[in-house]
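In: Fold the following for me, if possible:
(one chain, ligands or ions: 1)
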Amino acid sequence: MKICRTVQELTDSINTVKENKQSIGLVPTMGALHNGHKSLFDRARKENDVLVCSVFVNPIQFNNQDDFKKYPRDEKKDIAFLEASGCDIAFVPDAKEVYKEEPTEHYDFGQLEQVMEGKQRPGHFNGVATIVNRLFMWTKADRGYFGEKDFQQIAIIKDLVRQKNIPIKIVACPIFRDEDGLATSSRNQRLSAKAREIAPKIHQILTKSFQMKDDLSISQIKSFVESEFKRRKEFELEYFMIVDDTTLQPILMKKEGQGVVGCVAVWLDGVRLIDIQRYY
Ligand code: AMP
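Out: Numbering: from 1, shown residues only. Presented below is the predicted three-dimensional model:
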């Protein structure tokens, strides 16, 4: 595995891959790697000749400095994880390298960014789009792999690709879960043992709401999920929204053929966790 710390090193490696006419799959990450990331690496490796992974905790996508400071980092472990996952090129830059050119980009994602994560975390998606656009440019990837746990992020990135006409295919990958149903996440490391035991409730509540969907209206599903979180004092619900899977706008009644997804952000033990449930 080639480890690149500068854009120049990465460009040199990518040029060789391109000269050999090999296809490139890119998986951008913020490190603290886990099996959720690995599910993306496996898919990208299967569908491309060369797997490129980036590890970079992107400061400009954090609206909360405390969250940025507390974000788990373990570069040595991540590099070993990438090696064991069959990564060919690891891009592990620091912020000075990534933002040698001042990040002055300003993106407009319209209504896609006015709900959920975009609403709760001002500037978050501008930071995401800035880094992802640079990674697409530098890696010249044929395909980019993203997890559906960050459901809104995928919609934003697809829109970025459309707006800028970037020649890349965005591949949305299903959520990988621990055996007890908790979506794996770098932030799970920060949960106390007791909170880690409670955390699978998030998926359990969503699954229960899915099982009840044929007997309930959309607003009844929403009320059910909200009340399930509110009656457990360990959780502090930030939002639960049931949205159209393409426009991300909240819906009250499902239309024929419409894709419908419930998205949740909830605090547990001072850690912000997100998850989704597809209904239709
Ligand atoms: P992160 O390092 O948290 O920024 O995540 C990097 C990529 O991995 C993003 O596209 C995430 O959506 C994806 N990802 C994180 N956790 C999971 C998971 N449990 N299942 C599938 N994809 C995931």
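In: How about whichever residue of the stretch 51-200 of the chain sits closest to the ligand, nearest residue that isn't a chain neighbour?
Out: Using CB to the nearest ligand atom, the single residue of the stretch 51-200 of the chain nearest to the ligand is Gly147, 2.2 Å away. Any C-beta I mention is one placed from the backbone N, CA and C, and that applies to glycine too. Leaving aside its sequence neighbours, Gly147 sits nearest to Cys173 (CB to CB, 6 or more residues apart in numbering; 5.4 Å).
In: One more: Phe146?
Out: Distance criterion CB to CB, 6+ apart; nearest residue to Phe146, sequence neighbours excluded, is Ile154 at 5.1 Å.
In: ditto for Arg177
Out: Nearest to Arg177 is Ala183, by CB to CB, 6+ apart, at 5.5 Å.
In: Now do the one you found: how many residues are near it, please.
Out: Ala183 has 21 neighbouring residues, counting by other CB atoms under 10 Å.
In: mind listing what's buried in the helix or strand where Asn15 lies?
Out: Taking DSSP states H and E as the definition, Asn15 sits inside helix 7-19. Neighbour counts using 16 or more other CB atoms under 10 Å place 7, 9-10, 13-14, 17 of helix 7-19 among the buried residues.
In: closest to the ligand among the residues you listed?
Out: Distance to the ligand across those (CB to the nearest ligand atom) is lowest for Leu10, with 18.0 Å.
In: the helices in the stretch 1-150 of the chain, which residues?
Out: Ranges of helices within the stretch 1-150 of the chain are 7-19, 35-47, 65-70, 75-84, 95-98, 116-120, 124-139, based on DSSP state H, counting those that start in this stretch.
In: ok, and what's touching the third one?
Out: Right, the one you point to is helix 65-70. Residues outside helix 65-70 that contact it (CB atoms under 8 Å, 6 or more residues apart in numbering) are 57, 59, 62, 190, 272.
In: The same query, at a cut-off of 6 Å, please.
Out: For helix 65-70, the surrounding residues in contact (CB atoms under 6 Å, 6 or more residues apart in numbering) are 59, 62.
In: Which helix or strand lies directly C-terminal to the host helix or strand of Phe229?
Out: Here Phe229, judged by DSSP H and E, is contained in helix 218-230. Under the assignment DSSP H and E, the closest C-terminal helix or strand after helix 218-230 is strand 235-244.
In: So which elements touch that following strand?
Out: helix 218-230, strand 260-268 (3 or more CB pairs under 6 Å, 6 or more residues apart in numbering; DSSP states H and E).
In: Reformat these as CSV; add mean neighbour count.
Out: Below are the helices and strands packed on strand 235-244 laid out as CSV (neighbours: other CB atoms under 10 Å):
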stretch, mean neighbour count
helix 218-230, 16
strand 260-268, 20
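In: This completes my enquiry, with thanks.
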